[in-house]
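1. Sharing a model prediction with you, sequence too.
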Amino acid sequence: MNLLRRSGRGVSCLALLAACAAAALLPAAARAAEAGMFTIQEIAYRDIDGDGDAFPDTGETGRLVVTVRNDGPSLTNVRFVLFSSDPDVDCFTSGTVTVASFPEGATLRLGDPDPSLPGLTFRTSDALEAPAPPEVAAIELCLAVNAAEIAVLSVPRCTTLAADVDLPPGDPPPPVRGPDGIAGTGDDGIVEETFDIDKDGDGIFSVDDTFLQPEEVGGEFIHSGISGLYLRASGDGSVTNTFAGVACGGFLTPEEGNPGCDLDPDFPLDWHFHCPYGATDCPNSEVLPGDTVPRVCVGGCSYDTPIDDIGALSPPNALHMGAHFDLLNAMAGNTTH
């Protein structure tokens, strides 16, 4: 009976073992290249027949959403395979996701929390037991990929999920609204990093967008046009919305015998966007809260992106605190971010 119940996982594991055996025959350099092909950036769980929380519990079935980044060359006809050798994973009722392409450097969100849609689903073993506090049970899950450009399944990338964790007594809090901003839909509980989008729709990526406050209207979140708190450095923090600068991050100051470590009284380091080099939709010239004219980087610096500094971990844009003094050489001209 146990063998039959686990047969769904057994087929996946047999396929994986065969692929791993084939991979072992590849040259070492090829295996090393496969090992760095993609990174699991985030994994989120939602049960569909249990207590409704974000933790897989004993005997519970749930859905996964996995965010991955391609660290290798572009791939086509891509198939991701989810598997586990963890005895606390009973079986996978749906363990593969296919996509037409996975471009170099791209980020993909695999699966969906909505069980009516294609995705990644697994059942936790009936034998899962939580250890005594403060230890927490964990389930290991692994993901491998193959594509038209890969002869076998890649070397797997593995991660863990906290399991059999109970929320505090009382009604569980509702999950946060997902990317659609509407409560009660399938993407609730998914939080995406969205500071680097054009929230006010003016065609410009700016810190104006970053600090806009959301406002709920009719169950949806819209941007109110009200800017949040925008903090910058100053000499002593006495100016509204500023904090006192610390010379060289806490190292000895000139008064303490270190003449090379001093605060620039212009305080040029500021929040700015790193867009692709030469982009025209990212001027970093906003009129900041409390000012009446567009800001500039004082003292020969710039908030533009240096030609050799992409900056964004998830292209195209990133938000940074700092300044740039050499747009042709990031290593020579970047301040600490």
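-> Everything's here; your move.
2. From the chain's centroid, how far away is stretch 300-317?
-> The chain centroid and the centroid of stretch 300-317 are separated by 19 Å, computed with CA atoms, centre = their mean, to the nearest Å.
3. per-residue confidence averaged over that stretch?
-> Average pLDDT, stretch 300-317: 80.
4. And that stretch, end to end?
-> End-to-end distance of stretch 300-317: 24 Å, with CA to CA, to the nearest Å as the criterion.
5. Residue 102 and residue 49, how far apart?
-> Distance check for residue 102 against residue 49: by CB to CB, to the nearest Å, it reads 32 Å. Using the backbone N, CA and C atoms, a C-beta is placed for each residue, glycine as well.
6. out of these two, which sits in the more crowded spot?
-> For residue 102 versus residue 49, neighbours defined as other CB atoms under 10 Å are more numerous around residue 102 (25 against 11).
7. Tell me if I'm right that the more buried one and residue 75 touch.
-> Yes. With contact taken as CB atoms under 8 Å, residue 102 and residue 75 are classed as touching, separated by 4.3 Å.
8. intersection of neighbour lists for those two?
-> Counting by CB atoms under 8 Å, 6 or more residues apart in numbering, the residues touching both residue 102 and residue 75 are 145, 147.
9. now the residue nearest to residue 119 when sequence neighbours are not counted: how far from residue 70?
-> Here the nearest residue to residue 119 in space, its sequence neighbours aside, is residue 111; by CB to CB, 6 or more residues apart in numbering that works out to 3.9 Å. Look at residue 111 and residue 70: by CB to CB, they are 17 Å apart.
10. ditto for residue 322
-> For residue 322, the distance to residue 70 under the criterion CB to CB works out to 28 Å.
11. the more surrounded of the two?
-> Neighbours were tallied for residue 322 and for residue 70 using other CB under 10 Å; the higher tally belongs to residue 70 (20 against 16).
12. Next one: that one from residue 306, what distance?
-> Following CB to CB, the distance that separates residue 70 from residue 306 is 24 Å.
13. do the same with residue 83
-> Using CB to CB, which is the criterion applied here, residue 83 is 42 Å from residue 306.
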